[in-house]
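Asks: prediction below, plus the sequence it came from.
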Amino acid sequence: MKPPHIILAIPACAFFAIGQQSFISSSEFWPIFISKFYFSFDPQWKAVFLKPLFNLILFFFHLIPLNDTMHIQLVKSLFALNGAAQLVLLYLIFVNTTQKKWLALFATAIVATSPLYFTHFFAIRSDQLALTAFLGFLYTNLYHLKFKSVWNIFFIVLFPMIGLKHVYFSILAVALLDFKILFLFLRTSTSKEKFYRFLIILGIAVWSYNIALNSVQYFFASYENYLVYFKQAILLSTTESLLLTASLLVFISKDFRKYLIHKSFPKLALMQLTLTVILIIHPQKFDFFIASLTPIFYLSSMLFVIYLVDKKTLRYRFIYIALFFYQACSIFYFNRTVSYISHSKEQLSIIEEISKFVRDSRFSYLDGMGILPRQNNVGCFASPDDYASNSSCVERIKAAQPDVVILSTRLMMIDPNISSIISLMYNEMGPNLYLRKDLTLATPIEKKWPPPILFFGTKPSF
């Protein structure tokens, strides 16, 4: 094993350690909780099939005998490992392009320290899982499939099965593939291949009828806020401006395009164009969505750097110093980076205390986010973009349906008077922790904890 490969293990382990200890945003808790209903087939939980493979993976954690905090830590560890795997795949893609392993390591480091990507690589989200699958698609094609094998149909189907919105990755994959591969799959003649093709088409049809149509409606409804989303997407991208702009050089340099063809990236420009069009047509205000696409933009810009070095247009020292200085400035400007790291310890400590309170008395609870995956959540997710779900949360509180209400930032977003609404039916037992007035505790509360509203926001607030 050569030195660059050994050194790669150091940042990969660092990525895992950072991701495993990182802050857990409020929306990451909900899929951990609802995945337990994957095979219940209850209409109330049909949303799990909007992200079939993502929620299936999370479901298996519920089969392991764990408490709430151990459950969350184990899931967090898996997705931290997922982020480390992305780092390794990026390196393998770059090292396949250039014979200079230190240059490949340098290119990997630049992508890894992208401010948007660095603050989300560990997220418990289908976006990050789909990104890993796409990097795997690129790697296997560079080494084995050469963008021509029928096995690429597996990847095209895989992305939307991770989550419906990740059909974007399928579109990017098709942009890189020879379109004949799709016709080849449709023209297969053996009885076994026809059977598989029938199952895929039938599955897509049934899934679309029951689930996907709701997502399509949500997709078109989002255009009501198109300009707001577009402006926020542009604002989020400003910290990546230099290298994102450099990624467009693939359209300008003919020599660079010839270089890509020689290095088995013949249609990278088409993929780059497709990705740009996708973001213009369907911009997202969510930074985690853009973060999952950032490494793909960076891919072409770093391949351009590798091209310049291979052609001896740039000296090593100049490019190293210039890009590291730029990236350091970007991270400094993007000051949220620091606040996203090493904060889950406080979160898990509070979860442990609240879990004892809810578990010992076998209470049901409502918090708008699901911080206790092993306990009985009455089933409401507070979201600024889902009026129906938010109204359901308020109505359940008014009807005193949950035994316990945990006032989180998610619930605070629903209604500025939510505290007053809760106090009508509940007594405050601890900081932002409410028990229904007709209930008593099986085990008295012995420890006071900081208000959950501080530790379970959409972003760190401490």
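Replies: Yes, it's here. Note that the structure is a prediction, hence the values are computed from the model and not measured.

Asks: how about the longest helix along the chain: buried residues?
Replies: Counting residues, the longest helix found in the chain (DSSP state H) is helix 68-97. Neighbour-count burial for helix 68-97, counted by 16 or more other CB atoms under 10 Å, picks out 68-69, 71-73, 75-76, 78-97. (C-beta placed from N, C-alpha, C; glycine too.)

Asks: quick one: mean pLDDT for stretch 429-447?
Replies: Stretch 429-447 shows a mean pLDDT of 80.

Asks: ditto for stretch 362-379
Replies: On average, stretch 362-379 scores 91.

Asks: over to stretch 383-391?
Replies: Averaging pLDDT along stretch 383-391 yields 78.

Asks: cool, and stretch 110-125?
Replies: Average pLDDT, stretch 110-125: 86.

Asks: span of it from start to end?
Replies: With CA to CA, to the nearest Å as the measure, the ends of stretch 110-125 fall 23 Å from one another.

Asks: surely residue 270 and residue 177 touch.
Replies: No: counting by CB atoms under 8 Å, residue 177 is not a contact partner of residue 270; they are 10.1 Å apart.

Asks: who has more neighbours, the two?
Replies: When neighbours are counted by other CB atoms under 10 Å, residue 177 comes out ahead of the other of residue 270 and residue 177, with 22 against 14.

Asks: quick check: closest non-adjacent residue to the more buried one.
Replies: Spatially, and ignoring its direct neighbours in sequence, residue 177 is nearest to residue 147 (5.1 Å; CB to CB, 6 or more residues apart in numbering).

Asks: which stretches of the stretch 351-462 of the chain form strands?
Replies: Applying DSSP state E, counting those that start in this stretch to the stretch 351-462 of the chain gives strands spanning 364-366, 376-377, 404-406, 426-430, 433-436.

Asks: need the ones you listed in a markdown table with distance to residue 301 and mean neighbour count, can you?
Replies: Converted to a markdown table, the strands of the stretch 351-462 of the chain look like this (distance: least, CB to CB, whole Å; neighbours: other CB atoms under 10 Å):
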| stretch | distance to residue 301 | mean neighbour count |
| --- | --- | --- |
| strand 364-366 | 46 | 21 |
| strand 376-377 | 43 | 20 |
| strand 404-406 | 44 | 26 |
| strand 426-430 | 50 | 16 |
| strand 433-436 | 49 | 22 |
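
Asks: so which of these gets nearest residue 282?
Replies: Among the strands of the stretch 351-462 of the chain, the nearest to residue 282 by CB to CB is strand 376-377 (31.0 Å).

Asks: distance from that closest one to the middle of the chain?
Replies: Put simply, strand 376-377 sits 24 Å off its chain's centre (CA atoms, centre = their mean, to the nearest Å).

Asks: same check on stretch 73-89?
Replies: When distances are taken as CA atoms, centre = their mean, stretch 73-89 is centred 11 Å away from the chain's centroid.

Asks: who are the packing partners of whichever helix or strand comes after the longest helix of the chain?
Replies: Following helix 68-97 in sequence order, the next helix or strand is helix 101-112 (DSSP states H and E). Packing partners of helix 101-112 (3 or more CB pairs under 8 Å, 6 or more residues apart in numbering; DSSP states H and E): helix 3-21, helix 68-97, helix 287-310, helix 316-333.

Asks: let's see it at 6 Å
Replies: helix 3-21, helix 68-97, helix 287-310 (3 or more CB pairs under 6 Å, 6 or more residues apart in numbering; DSSP states H and E).

Asks: of these, which is nearest residue 348?
Replies: Of all these, helix 68-97 sits nearest to residue 348, with 4.9 Å by CB to CB.

Asks: ok, residue 347 to residue 148 distance?
Replies: 47 Å (CB to CB, to the nearest Å).

Asks: between the two, which is the more surrounded one?
Replies: Neighbours were counted for residue 347 and for residue 148 using other CB under 10 Å; residue 347 has more, 20 against 13.

Asks: and the helix or strand where the more buried one lies, which residues are buried?
Replies: According to DSSP H and E, residue 347 maps onto helix 344-360. For helix 344-360, burial by neighbour count (16+ other CB under 10 Å) applies to 344, 346-348, 350-351, 353-359.

Asks: just want the angle from it to helix 68-97.
Replies: Interaxial angle of helix 344-360 relative to helix 68-97 (axes from the mean of the first three to the mean of the last three CA atoms, to 10 degrees): 140 degrees.

Asks: now the angle from helix 344-360 to strand 426-430?
Replies: 130 degrees.

Asks: count of neighbours near residue 280?
Replies: Residue 280 is flanked by 10 other residues according to other CB under 10 Å.
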